[in-house]
Structures are given as structure tokens and as C-alpha cells.
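S.K.: Whatever this is, show me its structure:
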Amino acid sequence: MNKSTVKSFFYFLFFYIGTINGQNIDSFYNSSLANIEEDFIRLNRVDKINISKAYLLKAKQDNNPIKIANGYYLKTLTYSHKKVAVIYTDSIIQASAVLEDKTILAKGYLQKGIQNYYQSQYNAALDNYIIAKKYFEKTNNKIGILTVRHYIGVLKSVSFKLDESLQLFKDNFNYLVNNNLDTVYRSQYLKSLLSLSVSYSRNEILDSAEVYFLKGIKETKNEDEYLYSHFLAGYGANSYIKQDYNTSLDNFKKATYFLKTKEIV
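M.R.: Numbers count the residues shown, from 1 in each chain. Model prediction:
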């Protein structure tokens, strides 16, 4: 395995989904989108399919536009990475366009950009990120703006604009930490931490990358096995580039153990 191969491995470390136990449909239906999203993405595929189907059906029966938009949002998360997910994002946008609160509309465009990214439609992804950012700015949704910046950073990274992506990840991470938001927005904080670690490594700032990979390993070890495995793998790749082969092999072995026990969706 050469250095080029190890570096290319980092492409796969920007997005993650874990699993949690299934939850009752009523608990989802009676919660806001902001409250249900983080739990929903951790469900296994069967639970996602069942809950998103039941949620959307109930929303349509109640003729509730906000819930209908949320239902399509859950459909998008259910079929994330697949072409049909892009179609569901169009449904989010259509259903939420008439709502006074543009937060769901912003999230619809953000999700469309993410799903474009998964289909390697990078220009379309950027276009939708920009639209999402515009709507988040109108509602003064700072975490929404930060999330868009995160995914633009991912896009810049795969486009080999490594300096620019590193700066975005660094700014996002520092904003979350300096404003004590690392607990409130835990999922975004950990994704920012992982992306910052990977970005340092891809920019060949290997010592800084090691510091942040080790921080991520420590913070996720007892919290999120799936993300923990990605920090281990990233640390293994970074150690390989540093020619610390024993550390590299040890962390790749640990990462493989956890990845094999988790469903990748």
C-alpha cells in the first residue's frame, strides 16, 4: 500500500452514519425535525424504512404541510446515497416552499446538495449549498450556515482545494469550541473534528493531524463506535504516511473490527 493509496482513503471519512435502537413512530411525529434528525440517522435500514413510511402517511392523513416536508426529509435520510434520495429532496423543497418558516426549505436544499455530492454531481451540489446558505442566513440560523460551510469544505477537499477546505474546517471547529457548542451540537462537532483531522493529514500537516485524531479517538471511544472506527482508521492512515507502521497496523486492525460489526448505509 503506497502513500497515494493511503491518502485516497481519506475521501471516505467525511460522512458517517451509526445505528441505534428503533423508536416509536409517535415519538418522532410529535417532535421537531431538529430533535428527530440526529436520532433517525442512527437507525438501521429496516427501522428507517418503516418509520419514514409511517411518518409520511400520517402527515398526509393529517394534511400537515410541515410534517409532510419532514416526512420527505426522513425519506431522504432513509435512502441516502441512492439516486432516489435526490427525488425526495425535491419533494422536501416543494412541500416546504409555501411555509413561512424557511428552515425546512433550507435543510431541503442542503440535503439536495449532499445527495448530489453522493452522486458525484459536484456542480449541482455547490449550487444547492449556496441556496441553502442563503435561506439559513435569512433566518439567522448560525448552525445551519456552519453546516453548509462544512459540506462546502468537503466539496473543496475532493476538488483538491486543500488549503481552502482546511480553513473552513478549522473555522467551524473553532466556532463550535469557542462558543461552547461542542455539546449542544455534538454530531456536527464530531464531524468537524474528524474533517479537521483528515484535512490536516491531506495537507501533510501530520503532527497536527495526529493530535486531532487522538482527540477524536478519546471523545468517541465510549460514545459512537462507528465514528470511533473512522478516527482509528484515519489515525492509522496518518501514521502510515509518517512511516510509523506498527501504530498504523494496530489502528487499522482496531478500525476493521468495529467497521465489520456496523451496517454501512
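
S.K.: how many neighbours does Ser32 have?
M.R.: Here the number of neighbours of Ser32 (other CB atoms under 10 Å) works out to 11. For every residue, glycine as well, the C-beta is placed using N, CA and C.

S.K.: Next up, phi/psi of it, please.
M.R.: phi -80, psi 160 (degrees, to the nearest 10).

S.K.: Quick check: the gap between it and Ile66.
M.R.: According to CB to CB, to the nearest Å, Ser32 stands 9 Å off from Ile66.

S.K.: can you give me the strands for this protein?
M.R.: With strands called from DSSP state E, the chain shows none.

S.K.: any weak-confidence spans in it?
M.R.: Applying pLDDT under 70 to the chain picks out residues 1-24, 260-265.

S.K.: redo that, cut-off 90
M.R.: Counting by pLDDT under 90, the chain shows low-confidence ranges at 1-48, 50-51, 101, 184, 187, 222-226, 256-265.

S.K.: got a list of contacts for stretch 141-150?
M.R.: By CB atoms under 8 Å, 6 or more residues apart in numbering, the surrounding residues in contact with stretch 141-150 are 103, 106-107, 110, 129, 132-133, 136-137, 168-169, 171-172, 175-176, 181, 185, 188, 191-192, 195.

S.K.: shared neighbours of Ser32 and Ile66, anything?
M.R.: By CB under 8 Å, 6+ apart, no residue touches both Ser32 and Ile66.

S.K.: related to what we said a few turns ago, for PyMOL, write a command that selects the buried ones of the contacts of stretch 141-150.
M.R.: The buried residues among the contacts of stretch 141-150 can be selected in PyMOL (16 or more other CB atoms under 10 Å) with this line:
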select buried, resi 103+106+107+110+129+132+133+136+168+169+172+175+176+181+185+188+191+192+195
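
S.K.: Looking at the contacts of stretch 141-150, which are in helices?
M.R.: Within the contacts of stretch 141-150, residues falling in helices by DSSP state H are 103, 106-107, 110, 129, 132-133, 136-137, 168-169, 171-172, 175-176, 188, 191-192, 195.

S.K.: ok, Ile104 touching Tyr73?
M.R.: Yes: using CB atoms under 8 Å, Ile104 is in contact with Tyr73, at 7.2 Å.

S.K.: what's the spacing between Asn64 and Asn70?
M.R.: The gap separating Asn64 from Asn70 is 9 Å, by CB to CB.
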